[in-house]
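In: Following is a predicted model, sequence given first.
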Amino acid sequence: MTRWFFQSLIAAVGMVLAMIAFALPVALIGWIAWLGAGAVTWSFLTSAESDFGSSGGILYQIVGSLILISTAALVAAPLSWSLAAFKEAYACQTRFKRFVDLALYTLNGVPSIVFGLFGYLFLVHMLGFGISWVTGGLILALMMLPTVTVSVSEGILAMPKEQKEAAEALGLLPWQMIRSIYWPASQSFLWTGLTLGLARAAGETAPIFFTAAVFSGITLPHSWRDPVVTLPTHIMTLAQEAANPMALSNSWGAAFVLVVLVGLLSALSWLARSNRSEGDPLVLK
Amino acid sequence: MPRPIERTEEIVEATAKAALCSGALVGLSAAAAVFVFTAWVGWPALREQGVGFVVDSNWSVGDERFGALPMLIGSVIVTVTAVGLALPLGLSAAVVTAELAPENFRRILKFLMEILAGIPSVIYGLVGVAVLAPLLQNKLDLLTGRTLLTGGMVLAVMILPTLTTIAEDAIKAVPREKREAGWALGLSRIDTILHCVIPEAGAGIIGAVLLAVGRAMGETVAVMLLVGSVERIPNPWYDWLVPGQTLTSKIAREAAESAVGSPQYHALAALGLVLLLVVLSLSLFADRISLRARRNL
């Protein structure tokens, strides 16, 4: 009888804990949407802040975040793609491949604040880029590098072997192979990796708040050495004034917009993933 | 016979190879620079402070004394809190999904966990500051709601996806025969899970915990907003409802104030180096363990 009792107890407690875990994401998103949607109006999205962000809108924060992630994408895409293509097409030594894989794995595990610190010490001061959107874009690009590279390599490796053999039999040189076979095969994977990386980069605060962003009082950058205002840093600043209800409401509004941005990018990466394999003209049947 | 290669082809090939190679080199050296540069700037401070860097509890920029003990203890406390809270939740969710729920519930779990993992860390910080901290402050009658425990509680939700999805994979990977052995002995469903399945998935679950610990240690903004940012070691040691400081929050709070080349600048890089080493060894170790677990199954 006691055995039966204990088993039921364990089962019940486990069930309740699991239900809490399942309910948490739903509750959190629902809550952010509930509080945030109330704060978001058309003028909130299209006007500049005032009073250090506790009133007014978040137009330039949205623009600033978009500037940072587009810079990151423009830098990360060619670097990751050439790293992946070089690794799969030219490097014949497995030792080199293993080294690159390990390097990417390790880079992926680096805490975001260490990227921020590195950017501050190296880019801001040593190279003299200052606190600027260029610094921020470069740091975010570096953070995305593993995600994008691994995704592209995956695409190249997932290619049917016959296709590669056919190309080799035709006597294609390495670059010709990359251009006509690897590129089409890895394209959708590049998009997946990029959008996935951007979804993470868009929400990052620690790497940019002392290397690329200021807290308020500016609009658009006028030169490459100017800082920007961004959504995550805006939320962080307003969160520190949580006692002021206006600041808090604006903060929820900005949080909602940021969640929507991240959600859109994730949805894009999901689309790129589900588009692949069908309708690929190069796949030999 | 190989086909003849034209001159223009050769030039294009050489250019392309050079371009791809330099792209790859830039990417790799940027990655290497993160480690080399952090180590290079941090090393002088470690040499100067010696063992004091990890056993001294006094961090004073004026006296040029940099003891990181309160930050190390703070990081350990928030991590222990986070894992302690997230492990029962995540493990239960993983077991229910892998063993009891219908097959397609797996996709729902992954989707739910992707939502949690996708919420930016600053928004967790906002939720903590706006909701959890005032709640704790009022209910428990504290001086401030921003404490080590508050930080750990929010961190628990943030590491839940890592813990749950990897643990679920590990439990799902246990072969059917192990369960059949339990049923054949007449064990109940619960006993089969507790005594046949979970021990078998143990290594995978430990791997998940280590990865989660690494993520918790490295998490910055949410912790920085919630932990109170006071360098103090809890006294008595189990009183975690007091403000503290972690490695990450310390770097985040002070980096922008440090003058280039000053002792503080080197000390902060040394904090970053310690953090980097701890987090990376955890993740490599976790990888090793889950690799071995997969091979043994």
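Out: Looks like it arrived, so ask away. Numbering: from 1, shown residues only, chains lettered A, B, ... in the order given.

In: Point out the residues in the stretch 151-285 of chain A that sit beside chain B.
Out: A:171, A:173-176, A:178, A:199, A:202-206, A:209-210, A:232-233, A:235-236, A:238-240, A:242, A:248, A:251-252, A:255, A:258-259, A:262-263, A:266 (C-beta under 8 Å from any C-beta of the partner chain). (Glycine included, C-beta is placed from N, CA and C.)

In: so of those residues, which ones are in helices?
Out: A:174-176, A:199, A:202-203, A:232-233, A:235-236, A:238-239, A:248, A:251-252, A:255, A:258-259, A:262-263, A:266 (DSSP state H).

In: which stretches of the chain form strands?
Out: Answering for chain A, as no chain was given. Along chain A, counting by DSSP state E, strands occupy A:49-50, A:55-56.

In: ah, I was thinking of chain B
Out: B:59-60, B:65-66.

In: In TSV, list those along with distance to chain A.
Out: Formatted as TSV, the strands of chain B follow (distance: least, C-beta to the nearest C-beta, whole Å):
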stretch	distance to chain A
strand B:59-60	16
strand B:65-66	15
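
In: Might you name the residue of the stretch 151-297 of chain B sitting closest to chain A?
Out: residue B:218 (2.8 Å; C-beta to the nearest C-beta).

In: Show me which residues of the stretch 101-250 of chain B sit near chain A.
Out: Counting by C-beta under 8 Å from any C-beta, the stretch 101-250 of chain B sits next to chain A at B:109, B:112-116, B:118-123, B:125-127, B:129-130, B:133-134, B:157, B:160, B:164, B:188, B:190-191, B:194, B:214, B:217-221, B:225, B:248.

In: what sits against residue 57?
Out: Since no chain was named, I'll use chain A. A:43, A:44, A:45, A:46, A:47, A:48, A:49 (C-beta atoms under 8 Å, 6 or more residues apart in numbering or on different chains).

In: that's the wrong chain, I wanted chain B
Out: If you count contacts by C-beta under 8 Å, 6+ apart, then residue B:57 has B:67, B:69, B:70, B:231, B:233 around it.

In: Then residue A:263?
Out: residue B:118.

In: one step back: residues near the residue of the stretch 151-297 of chain B closest to chain A, how many?
Out: By other C-beta atoms under 10 Å in any protein chain shown, 26 other residues sit near residue B:218.

In: quick revisit: can you check which of the strands of chain A gets nearest to residue A:72?
Out: strand A:49-50 (23.7 Å; C-beta to C-beta).

In: packing partners for that closest one?
Out: Contact here means 3 or more C-beta pairs under 8 Å, 6 or more residues apart in numbering or on different chains; DSSP states H and E; on that basis strand A:49-50 packs against strand A:55-56.

In: per-residue pLDDT, residue 201?
Out: Here I'm looking at chain A. Looking at residue A:201, its pLDDT reads 95.

In: You answered for a different chain; I wanted chain B.
Out: 90.

In: Would you check how far apart it and residue B:193 are?
Out: 10 Å (C-beta to C-beta, to the nearest Å).

In: The strands of chain B into a markdown table, with extra columns for mean neighbour count, distance to residue B:87 and mean pLDDT?
Out: Formatted as a markdown table, these follow (neighbours: other C-beta atoms under 10 Å in any protein chain shown; distance: least, C-beta to C-beta, whole Å; pLDDT from 0 to 100):
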| stretch | mean neighbour count | distance to residue B:87 | mean pLDDT |
| --- | --- | --- | --- |
| strand B:59-60 | 16 | 32 | 86 |
| strand B:65-66 | 20 | 34 | 88 |
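
In: what's the closest of those to residue B:5?
Out: strand B:65-66 (61.8 Å).

In: What is the neighbour count of residue B:185?
Out: 11.

In: For it, what are phi and psi?
Out: Note on residue B:185: its backbone torsions stand at phi -80, psi 0 [degrees, to the nearest 10].

In: Give me the neighbour count for residue A:13.
Out: Residues near residue A:13, counting by other C-beta under 10 Å, number 12.

In: which stretches of the chain have low pLDDT?
Out: Since you didn't name a chain, this refers to chain A. A:1, A:276-285 (pLDDT under 70).

In: Hmm, no, I was thinking of chain B.
Out: Ranges of chain B meeting pLDDT under 70: B:1-2, B:294-297.
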